[in-house]
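J.: next one to model:
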Amino acid sequence: MTTTQPADLPRLGRDSGIDTIAETLRDHGVVVVEQLVDSDLCGRVLDEVEPHLGRVAPGSDEFTGTSTRRVGALLDRSPAARDLVAHPLVVGVADEVLGAHATSVQLHLTQVIAVGPGSAVQPLHRDQWCFDFFPFPPGWHVEVSSIWALTPFTADDGATRIVPGSHLLTDDEARTLGGSDAVPAEMAVGSVVLYLGSTVHGAGANRSDGTRIGCNVDYSAGWLRQEENQYLSTPPSVAADLPEPLQRLAGYSFGAYALGYWGDLQDPAEVLGSMEPRAVTSFDHTALPPESLGGA
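T.: So this is what the prediction gives:
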């Protein structure tokens, strides 16, 4: 555990380029992009998700939060959330950061997280521990996470706590971190915090009377299993109506050579009937569609 006050989180404006944001993310493990979308879009996401939040039960333990509710399958349940999932700046950053070790980038999970009054702090963790705690080599970035502020994020209402620089630590070192090492990602509505799968973080305690609501969208290397099963969350009947780049981002595409094919080694997009199928007959990365959002 550190004995000095942790540094504040790096912050950039929405006019910052992909390269600048990606470099900051690699250097610090986290970056806040201020007010990247307008509050009207955030309000539409809230309106579309609210009926589902009203039906879902809170978590059952300290990690999921006994006063915290989560709603996934956002590509199906919230048309407005698709603009967050496919935001070109965020996806571009994920592609830039993950592209060094992946042919493609895929959607890893989507969920709206509502941290209610009285919520305790969530244990600090790394998102990439979901991959069976596999110890990826140092410097291998396999996941980029994002949390959009649908309501204001403050230290009092449970803003996500993040440890800048923690992506450089070993797993054993990461497990020694405590609350004093973390910085709350305080944000205005429409801002987004990006952090690596190796960055240590956790939801804060909600000491306010309101509910802190964020939209969590994560991206991962195309050769890893997705945390949220997108083929049930976004079945072909739903995916067929999505724009082609979003279809491919959700996983209806090759993840690499012969990875994720359908039928007779065909592009899985064929099952959707909305894109020209491509058959791969040799080891040739050019067979992957260059217009794919995840193309490295």
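
J.: quick one: which helix or strand includes the residue most central in space within the chain?
T.: For the chain, D218 is the residue whose C-alpha lies nearest the centre (CA atoms, centre = their mean; 1.7 Å). Using DSSP states H and E, the element containing D218 is strand 212-221.

J.: and after that strand, which helix or strand comes next?
T.: Past strand 212-221, the next helix or strand by DSSP H and E is helix 230-233.

J.: still on that earlier bit, partner strands of the strand holding D218 and their direction?
T.: Taking DSSP bridges as the criterion, strand 212-221 sits next to strand 105-115 (antiparallel), strand 143-149 (antiparallel) in its sheet.

J.: buried sites along that strand?
T.: Judged by neighbour count (16 or more other CB atoms under 10 Å), strand 212-221 contains these buried residues: R212, I213, G214, C215, N216, V217, D218, Y219, S220, A221. All C-beta spots, glycine's among them, are computed from the backbone N, C-alpha and C.

J.: wait, doesn't the last one sit right on V105?
T.: What that stands for is A221. Yes: counting by CB atoms under 8 Å, A221 does reach V105; the two are 6.9 Å apart.

J.: confidence score at T2?
T.: According to the prediction, T2 has pLDDT 43.

J.: in the stretch 101-250 of the chain, which spans are helices?
T.: Remark: helices assigned in the stretch 101-250 of the chain by DSSP state H, counting those that start in this stretch are 171-174, 230-233, 236-239, 244-250.

J.: strands of the stretch 51-200 of the chain, start to end?
T.: Taking DSSP state E, counting those that start in this stretch as the criterion, the stretch 51-200 of the chain carries its strands at 68-72, 105-115, 143-149, 161-162, 183-184, 192-196.

J.: nearest to S60, of these?
T.: strand 68-72 (10.4 Å; CB to CB).

J.: what helices and strands are in contact with the closest one?
T.: helix 39-53, strand 105-115 (3 or more CB pairs under 8 Å, 6 or more residues apart in numbering; DSSP states H and E).

J.: from the middle of its chain, how far away would the helix or strand of the chain with the lowest mean pLDDT be?
T.: Lowest by mean pLDDT, DSSP states H and E among the helices and strands of the chain is helix 236-239, with a mean of 90. What separates the centre of helix 236-239 from the centre of its chain is 21 Å, taken as CA atoms, centre = their mean, to the nearest Å.

J.: alpha carbons only: can I get it in CSV?
T.: C-alpha atoms of helix 236-239 as CSV (Å, rounded to 0.1, in the frame of the first residue of the first chain):
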residue,chain,number,x,y,z
PRO,A,236,-29.3,-12.8,-34.9
SER,A,237,-32.9,-11.5,-34.9
VAL,A,238,-31.6,-8.4,-33.2
ALA,A,239,-28.2,-8.1,-34.7
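
J.: what is it packed up against?
T.: helix 74-77.

J.: show residues contacting the helix it packs on.
T.: 48-49, 52, 71, 81-82, 85, 107, 110-112, 215, 217, 230, 233-235, 238-239, 242, 246, 250 (CB atoms under 8 Å, 6 or more residues apart in numbering).

J.: surely G65 and V121 touch.
T.: No: if you go by CB under 8 Å, G65 and V121 don't touch, sitting 9.4 Å apart.

J.: these two - which one has more neighbours?
T.: G65 (24 against 16; other CB atoms under 10 Å).

J.: quick one, what contacts that one?
T.: P58, G59, V115, S119, A120, Q122, A203.

J.: just give the nearest non-adjacent residue to V192, would you?
T.: W148 (4.7 Å; CB to CB, 6 or more residues apart in numbering).

J.: the one you found: neighbour count?
T.: 28.

J.: contacting residues for it?
T.: L36, V37, C42, L84, G190, S191, V192, G214, C215, N216, V217.

J.: tell me how far L46 lies from I147.
T.: 15 Å (CB to CB, to the nearest Å).

J.: more neighbours: the two, which one.
T.: I147 (26 against 20).

J.: can you tell me how far the residue found closest to the more buried one once you drop the neighbours it is linked to in the chain is from F134?
T.: Once flanking residues are discounted, I147 sits nearest to G214: 4.6 Å by CB to CB, 6+ apart. Applying CB to CB, the value for G214 to F134 is 27 Å.
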